[in-house]
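Enquirer: what's the 3D shape of this:
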Amino acid sequence: IRVWSDSDASYLEVSDSGPGIPDEESDIRTGEETIQPVLHGSGLGLWLVKAIVEQAGGVLQFNDNEPRGTTVRMVFRSSNDLNLVR
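Expert: As a prediction, the model looks like this:
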């Protein structure tokens, strides 16, 4: 887990050494596919995190963690008008 900020944004990054995110789930997460009765992720975790981060005005990014795993980064722009509660 890493947390840092610069003049533009604040970042929270979580990396693991697991098997990675399957392409089918990745396509749903990125919006390339929609959730359907026979096409869905294995859980609500990443979908829920994405919804919360976007509601807070942030962006969720996914990258491979070499040699194995995934890195998930949450990016929140630096701004006094960031409204976390609506």
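Enquirer: Beyond the helix or strand of the chain with the lowest mean pLDDT, next helix or strand please.
Expert: In the chain, no helix or strand scores lower on mean pLDDT, DSSP states H and E than helix 23-30, which sits at a mean of 63. Next in sequence after helix 23-30, counting helices and strands by DSSP states H and E, comes helix 45-55.
Enquirer: Please identify the buried residues of that following helix?
Expert: Buried residues in helix 45-55, counted by 16 or more other C-beta atoms under 10 Å: 46, 50, 53. Bear in mind the C-beta positions are built from the backbone N, C-alpha and C, glycine included.
Enquirer: again, but for stretch 61-81
Expert: Buried residues in stretch 61-81 (16+ other C-beta under 10 Å): 62, 65, 70, 72-76.
Enquirer: Can you pick out the most distant pair from those residues?
Expert: Farthest-apart pair in those is Asn65 and Phe76; separation 21.2 Å (C-beta to C-beta).
Enquirer: Endpoints of stretch 45-64, how far apart?
Expert: Stretch 45-64 has its terminal residues 18 Å apart, counting by C-alpha to C-alpha, to the nearest Å.
Enquirer: pLDDT on it, on average?
Expert: Over the span of stretch 45-64, the pLDDT mean works out to 86.
Enquirer: that older thread, list just the nearest of the buried residues of helix 45-55 to Tyr11.
Expert: Comparing the buried residues of helix 45-55 against Tyr11 with C-beta to C-beta places Val53 closest, at 11.5 Å.
Enquirer: what residues are up against that closest one?
Expert: Val53 makes contact with 59-60, 74, 76, according to C-beta atoms under 8 Å, 6 or more residues apart in numbering.
Enquirer: Could you do Arg2 as well?
Expert: 11-13, 15 are the contacts of Arg2 under C-beta under 8 Å, 6+ apart.
Enquirer: Could you rerun that using 6 Å?
Expert: Residues near Arg2 by C-beta atoms under 6 Å, 6 or more residues apart in numbering: Glu13.
Enquirer: Can you name the residues bridging to it?
Expert: Glu13 (DSSP bridges).
Enquirer: per-residue confidence at it?
Expert: 95.
Enquirer: Distance check, it against Met74.
Expert: 11 Å (C-beta to C-beta, to the nearest Å).
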